[in-house]
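Asker: Quick one: sequence and predicted model below, then my questions.
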Amino acid sequence: MQEKLYFYYTNDLHSNFDNWPQVAGYLKGAKEERLAESSACWLIDIGDHVDRVHPIAEAFMGKANVELMNDVGYDLATIGNNEGITMAHEDLHHLYDDAEFQVACANLHSMTSTDPGWLNSTVHIQSDSGIKIGVIGLTAPFNAFYELLDWHISAPFQTLEKHVSSLKETADIIVLMSHLGISEDQEIARRFDDIDVIIGGHTHHMLRSGETINNTIITAAGKHCAFAGEVVLTWDHDQKRLIDKTAVVHDVTELPRDLTTEQTLNDLTNKANSLLEQTVIKLEQPIDVKWFQHTEIMQKLTETVKEWTHADVAMLNAGLLLDQIPAGEVTHKDIHRICPHPINPCMVELTGAELTEAIRGSLTRDFTELKLKGFGFRGEILGKMIYAGIDVETVLREDGSEYVERILHNGEPLDSERLYKVSTADTFTFGRLLPEIAKAEEKHYFLPEFLRDLLTDTLRHKWSAD
């Protein structure tokens, strides 16, 4: 006798709720259909469901996301870096207290006295016919951030070596919920023959029909839940083994919207607006925000970052502020809308020569006009770099580009050999946007504060109100 086991999953929603009513309708319908035919079926999320870019996630610190997942009927989840490193320790510690699904993340460990009650390394589930499935979760090891929040992420491969052998003894099938990214998933498949399925995320990749490496099928469904994934495993009871594995993704954007979910989102939006309506400052005049020009608000924000981090120099890109700050009562909701990024301040040590090169790179059109996606940035373009603690003197070329003529710190030219403490957005410590900052050996991240928290302080303490 053969039996099919169904797994439906989402990954990397990032609190982008535009498609959530369709996702909810699809998942509810799929689960209802499978249970009606007495098939085993589970709903799974692979992390980064929470992203504080959205007012609902911000106001409820992720707990509303869990409520939405409960409403859909999820069975299992793991955490992504957006759950893990964008909120204070206590907020993550209690994030899933009311979850009606099981959370597994084998490489997450609290550095305080107790782990959360909801945290499992592995989870065992079973079909009505007795097929035993061991599920393990893993998340990306961003310990430079996690450890500042009193969490530690153990190495994924060592964690698997610890757990897979024991799962093999107690389960017929092993499923990995992986918020590690496609390269890591592929390498795991090469090394661990006993893992049957890897449902992935983090790098926002999409595998429309899965990818098979050795004995393992790998799958993922992109980002923002425009697609939901389905894995079907076929178990042969006579042979007592899997005989087939398939994976597909389904476009949900044109599917009917679940009206109950839509109403819940409307209610949560109204509640979030109410929670975020506290006044920060009352302004007689709006505050201008310009992406390609120097503005007073960006100058003051950059100065706040310099002072708050006790740096020698600070530099922030003007594209961090998405819109002007309106006249009248400015609320936390306004500030969240204007600066929605889950970006933390960061301080690096650069020599004067390295700082000069970083400044030169920030003046190019390739930098200022870059339409960045990712690295925490939720805006449109990077924009002009604004500095505090230094004076950057430039000349304008005939083609409109700027050239650095002189950089002064405390009235003196930068010393090419001296180390300077430079504070900026943590965005620039990743990738190749500003290589000198990204490759700096000394990096100090400031958590859990986001740049919008420092914008709030700037308005309260450095800006005249009425």
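Answerer: Arrived safely.
Asker: How about the spatially most central residue of the chain: what's its closest non-neighbour residue?
Answerer: For the chain, N82 is the residue whose C-alpha lies nearest the centre (C-alpha atoms, centre = their mean; 3.4 Å). Among residues not flanking N82 along the chain, D48 sits closest, at 4.5 Å (C-beta to C-beta, 6 or more residues apart in numbering). Just so you know, the C-beta spots here come from the backbone N, C-alpha and C atoms, and that holds for glycine as well.
Asker: quick one: low-confidence ranges for the stretch 301-450 of the chain?
Answerer: 400 (pLDDT under 70).
Asker: Tell me where it has strands.
Answerer: With DSSP state E, counting those that start in this stretch as the criterion, the stretch 301-450 of the chain has strands at 313-317, 328-331, 345-351, 385-388, 391-396, 402-409, 412-413, 419-425, 443-445.
Asker: Can you list the strands that the second one pairs with?
Answerer: Take DSSP bridges as the rule and strand 328-331 pairs in its sheet with strand 279-283 (antiparallel).
Asker: who touches the partner strand?
Answerer: 325-332, 334-335, 456, 459-460, 463, 465-466 (C-beta atoms under 8 Å, 6 or more residues apart in numbering).
Asker: Kindly recompute the last result at 7 Å.
Answerer: Strand 279-283 is contacted by residues 325, 327-332, 335, 456, 459-460, 463, 465-466 when judged by C-beta atoms under 7 Å, 6 or more residues apart in numbering.
Asker: beta partners of L43?
Answerer: Beta-bridge partners, per DSSP bridges, of L43: Y8.
Asker: Contacts only, for it.
Answerer: Counting by C-beta under 7 Å, 6+ apart, L43 has contacts Y8, L27, K31, V72, G73, Y74, D75.
Asker: Now render the residues you listed as JSON lines, adding secondary structure.
Answerer: Shown next, in JSON lines, are the contacts of L43 (DSSP: H, G, I helix; E, B strand; the rest coil):
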{"residue": "Y8", "secondary structure": "strand"}
{"residue": "L27", "secondary structure": "helix"}
{"residue": "K31", "secondary structure": "helix"}
{"residue": "V72", "secondary structure": "helix"}
{"residue": "G73", "secondary structure": "coil"}
{"residue": "Y74", "secondary structure": "coil"}
{"residue": "D75", "secondary structure": "coil"}
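Asker: wait, which of those residues is closest to V175?
Answerer: For the contacts of L43, the residue nearest V175 by C-beta to C-beta is D75; the value is 11.6 Å.
Asker: The closest one contacts E100, doesn't it?
Answerer: No - D75 is beyond contact range of E100, at 9.0 Å (criterion: C-beta atoms under 7 Å).
Asker: quick one: which of the two has more around it?
Answerer: D75 (19 against 13; other C-beta atoms under 10 Å).
Asker: distance of the closest residue to the more buried one other than its chain neighbours from Y8?
Answerer: Computed as C-beta to C-beta, 6+ apart, the closest residue to D75 that is not its neighbour in sequence is W42, at 4.4 Å. Going from W42 to Y8 by C-beta to C-beta, to the nearest Å gives 7 Å.
Asker: cool, P340 as well?
Answerer: P340 is 30 Å from Y8, by C-beta to C-beta.
Asker: These two - which one has more neighbours?
Answerer: Legend: neighbour count by other C-beta under 10 Å for P340 and Y8, higher for Y8 (24 against 21).
Asker: Show me the domain layout of this structure.
Answerer: 2-272, 278-462 (automatic domain parsing).
Asker: now the end-to-end length of the shortest one.
Answerer: The separation between the terminal residues of domain 278-462, taken as C-alpha to C-alpha, to the nearest Å, is 19 Å.
Asker: and that domain, how far out from the chain's middle?
Answerer: 21 Å (C-alpha atoms, centre = their mean, to the nearest Å).
Asker: Distance check, the nearest residue to G222 once chain neighbours are set aside against E230.
Answerer: Residue nearest to G222 in three dimensions, not counting chain neighbours: M206, with 3.9 Å by C-beta to C-beta, 6+ apart. Separation of M206 from E230 (C-beta to C-beta): 13 Å.
Asker: Between the strands of the stretch 301-450 of the chain, which one is closest to D244.
Answerer: Of all the strands of the stretch 301-450 of the chain, strand 443-445 sits nearest to D244, with 45.8 Å by C-beta to C-beta.
Asker: which of the residues in the closest one are buried?
Answerer: Y445 (16 or more other C-beta atoms under 10 Å).
Asker: which residues touch that strand?
Answerer: A144, F145, L148, N344, C346, M347, V348, D426, T429.
Asker: Show the contacting residues for R34.
Answerer: So R34 contacts Y6, C41 (C-beta under 7 Å, 6+ apart).
Asker: SS state for it?
Answerer: helix.
Asker: do I297 as well
Answerer: helix.
Asker: For the closest residue to it other than its chain neighbours, grab the count of nearby residues.
Answerer: Nearest residue to I297, sequence neighbours excluded (C-beta to C-beta, 6+ apart): I287, at 5.0 Å. The number of residues packed near I287 is 20, by other C-beta under 10 Å.
Asker: And I287, how far from L454?
Answerer: Counting by C-beta to C-beta - I287 and L454 are separated by 15 Å.
Asker: among the domains of the chain, which is the most enclosed?
Answerer: Among the domains of the chain, the stretch with the highest mean neighbour count (mean count of other C-beta atoms under 10 Å) is domain 2-272, at a mean of 19.
Asker: What separates the first and last residues of that one, distance-wise?
Answerer: Domain 2-272: ends 48 Å apart by C-alpha to C-alpha.
Asker: go on, stretch 376-392?
Answerer: Span of stretch 376-392 from end to end, C-alpha to C-alpha: 27 Å.
Asker: from what I can see the residue nearest to D75 touches Q126, true?
Answerer: No - with contact defined as C-beta under 7 Å, W42 does not reach Q126; the gap is 10.7 Å.
Asker: on that earlier part again, which one among the contacts of strand 443-445 gets closest to L447?
Answerer: Closest to L447, out of all of the contacts of strand 443-445 and judged by C-beta to C-beta, is L148, at 4.6 Å.
Asker: what about that closest one, distance to Q278?
Answerer: 27 Å.
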